[in-house]
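In: Generate a structure from the sequence data that follows.
(chains A and B)
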Amino acid sequence: MANVFLPSTLGALFPGLARQVDVQAETVDQVIGQLEREWPGIRDRLCEPGPTLRSHIHVYVNGERAKLDTPVAEQSRVDVIAAISGG
Amino acid sequence: MPRKVLLIGTRKGAFFLASDDRKTWELHGPFCEGWPVYHVIHDPTSGAVYAAAASEWHGQAVWRSPDLGETWTHSSEGIAYEAESGRKISKVSTLAVSDGRLLVGVEAPGIFESRDDGKTWSLLSTLAGQPGSEAWDDPGNQPPGHLGISALMFDHEDADRFWAIVQGVGLFETTDYAQSWTPRNRGLRADWPREHEEVGFCVHKLVRSPIDDTRMYQQNHVGMHRSDDAGQTWTEITEGLPTEFGFAAATHPHDRDTFYVIPLDPGHGRTMPDGHAAVWRTRDAGSSWQPLDSGLPQRDAYVGVLREAMAVDVDDAHGLYFGTSTGQVFASTDEGNTWAQIADYLPPISSVEVAAFE
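Out: Now for the predicted structure:
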């Protein structure tokens, strides 16, 4: 199971969603797909048509910047970051 | 007196101001998790409140509260263009609801509809084929703000009929629920070259008299205009106003000839002229104008008011409200003769609407 760490901004949008969840998946896209099954609508908050990750949503797999097709392995750490920006 | 709730969209979430007497007001919020909120409306049929918002991080969504802010849901399911089209949605700009049809206008220009209270959406129209549409996706042609469809207004009785403003292009009418469109810009002024006779006008705000369906007013980038034939032709009524520029406008709910507007400096500052806050009123359909500034800041008030940020209630002695780019809300209950500040220190305000409850 990959360990997925989510931004606090998502928890506010999906009450009950934990900051850290374990997901069985082989790619970042599948991680988001698993989240979508339990939290309908979360894909739209992370991705835009293409599909591709939203420009200010950054995903890292084991510390490396990832895209939707980046592989995820057992015990991978997946960090989903709402990029620091704005004011 | 019906309880009033002002629905306020701001750059940092939505807020409600509630009052039983229009004298004391209670602030509720912030709602929508601090997302930039472009427009908040109330559906009197269902009782729901809808907010159009677009987060820098999480994209655009329409929020819904069935219980005046106690609980909220949000959805953008279906609010997207096909990836192959190359079009992207940067924001959801404006909302309208009638007869179970909820519409949202977006940028790049398009209109999406929901028939299930905002849970799911589908594309209703992009106004494809209308004059000007061949170029309005070009970022070089888009005016600042990038609102796309900046306003939607339903007919009072016929939900197949509504008007849409394409920012920087003009006003369009459909009478068959967006199957076909007609530009409604005849008589408008434009101080710039235009490629099409029917479009190329910068319509900021459209309002319609609730007691006379033929009477419309619009604040344009260059001038105030009136229509006596439901938008088919327009006559300029700017003379007597301090500037020809502004965004917000409101009609008197019981008098077709009385109309309110907030002129702004037409330069890039777009604040009230000379730092002197005033609403201007005509009682003769634009033949003459009077400034209304009692209770408003008289000096050093460089505030702006955006296109959706003025509203009226429909009481016999109707209320008039506006919100500013610097976070104040002002209210009048005597047709603008005197004003009271009813909120301050809010984020920059993008929209004000009134919901009334018996």
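
In: in the stretch 201-350 of chain B, what residue is nearest chain A?
Out: Of all residues in the stretch 201-350 of chain B, B:Pro347 sits closest to chain A, at 11.6 Å by Cβ to the nearest Cβ. All C-beta spots, glycine's among them, are computed from the backbone N, C-alpha and C.

In: quick one: contacts for that residue?
Out: By Cβ atoms under 8 Å, 6 or more residues apart in numbering or on different chains, the contact list for B:Pro347 reads B:10-13, B:327.

In: Which of those fall within strands?
Out: Among the contacts of B:Pro347, the subset assigned to strands under DSSP state E consists of B:10, B:13.

In: now the contacts of B:Pro347 in CSV, with distance to B:Ala80 and neighbour count?
Out: CSV is the format used below for the contacts of B:Pro347 (distance: Cβ to Cβ, whole Å; neighbours: other Cβ atoms under 10 Å in any protein chain shown):
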residue, distance to B:Ala80, neighbour count
B:Thr10, 25, 26
B:Arg11, 24, 16
B:Lys12, 25, 17
B:Gly13, 24, 21
B:Gly327, 32, 19
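
In: so which pair among the contacts of B:Pro347 is furthest apart in space?
Out: Largest separation among the contacts of B:Pro347 by Cβ to Cβ: B:Gly13 and B:Gly327, giving 12.1 Å.

In: any idea which helix or strand carries A:Gln30?
Out: Using DSSP states H and E, A:Gln30 maps to helix A:28-38.

In: near chain B at all, that helix?
Out: No: using Cβ under 8 Å from any Cβ of the partner chain, we find that helix A:28-38 stays clear of chain B, coming within 10.8 Å at best.

In: what is the mean pLDDT for the helix or strand following that helix?
Out: Next helix or strand after helix A:28-38 toward the C-terminus (DSSP H and E): helix A:42-46. For helix A:42-46, mean pLDDT rounds to 97.

In: Then stretch B:9-16?
Out: Here the average pLDDT along stretch B:9-16 is 98.

In: just stretch B:334-350 next, same as before
Out: In this model, stretch B:334-350 has an average pLDDT of 98.

In: how far does it sit from the chain's center?
Out: Relative to the chain's own centre, stretch B:334-350 is displaced by 17 Å; criterion: Cα atoms, centre = their mean, to the nearest Å.

In: same question, stretch B:139-158
Out: 9 Å.

In: how about that stretch, does it reach chain A?
Out: No: using Cβ under 8 Å from any Cβ, stretch B:139-158 never reaches chain A; the gap is at least 15.3 Å.

In: Leaving out sequence neighbours, find the closest residue to residue 20.
Out: I'll assume chain A. Using Cβ to Cβ, 6 or more residues apart in numbering or on different chains and skipping the chain neighbours, the partner closest in space to A:Gln20 is A:Phe5 (5.3 Å).

In: right idea, wrong chain: chain B
Out: In space, B:Asp20 is closest to B:Arg3, 5.3 Å off (Cβ to Cβ, 6+ apart).

In: Let me know the pLDDT of that neighbour.
Out: B:Arg3 is given a pLDDT of 94.

In: Repeat that for A:Ser85.
Out: For A:Ser85, the predicted pLDDT is 61.

In: again with B:Asp191
Out: You'll see B:Asp191 listed with a pLDDT of 89.

In: And B:Val354, by the same measure?
Out: 97.

In: List the contacts of it.
Out: B:4-7, B:42, B:311-313, B:319, B:321.

In: Out of those residues, which sit inside strands?
Out: Using DSSP E, the contacts of B:Val354 in strands are B:4-7, B:42, B:311-312, B:321.

In: Of those residues, which is the nearest to A:His58?
Out: B:Leu7 (34.2 Å).

In: Write out the residues of the stretch 51-200 of chain B neighbouring chain A.
Out: B:55-59, B:61, B:74-77, B:80-83, B:88.

In: ok, the nearest residue to B:Val303 once chain neighbours are set aside - how many residues close by?
Out: In space, and not counting its chain neighbours, B:Val303 is closest to B:Thr324: 4.2 Å by Cβ to Cβ, 6+ apart. Applying other Cβ atoms under 10 Å in any protein chain shown, we find 28 residues neighbouring B:Thr324.

In: just B:Pro193 next, same as before
Out: What B:Pro193 shows, counting by other Cβ under 10 Å, is a neighbour count of 6.

In: I would like the residues contacting the helix holding A:Gln30, please.
Out: So helix A:28-38 is contacted by A:2, A:4, A:21, A:23-25, A:42-43, A:46-47, A:51, A:53, A:59, A:61, A:66-70, A:72, A:78 (Cβ under 8 Å, 6+ apart).
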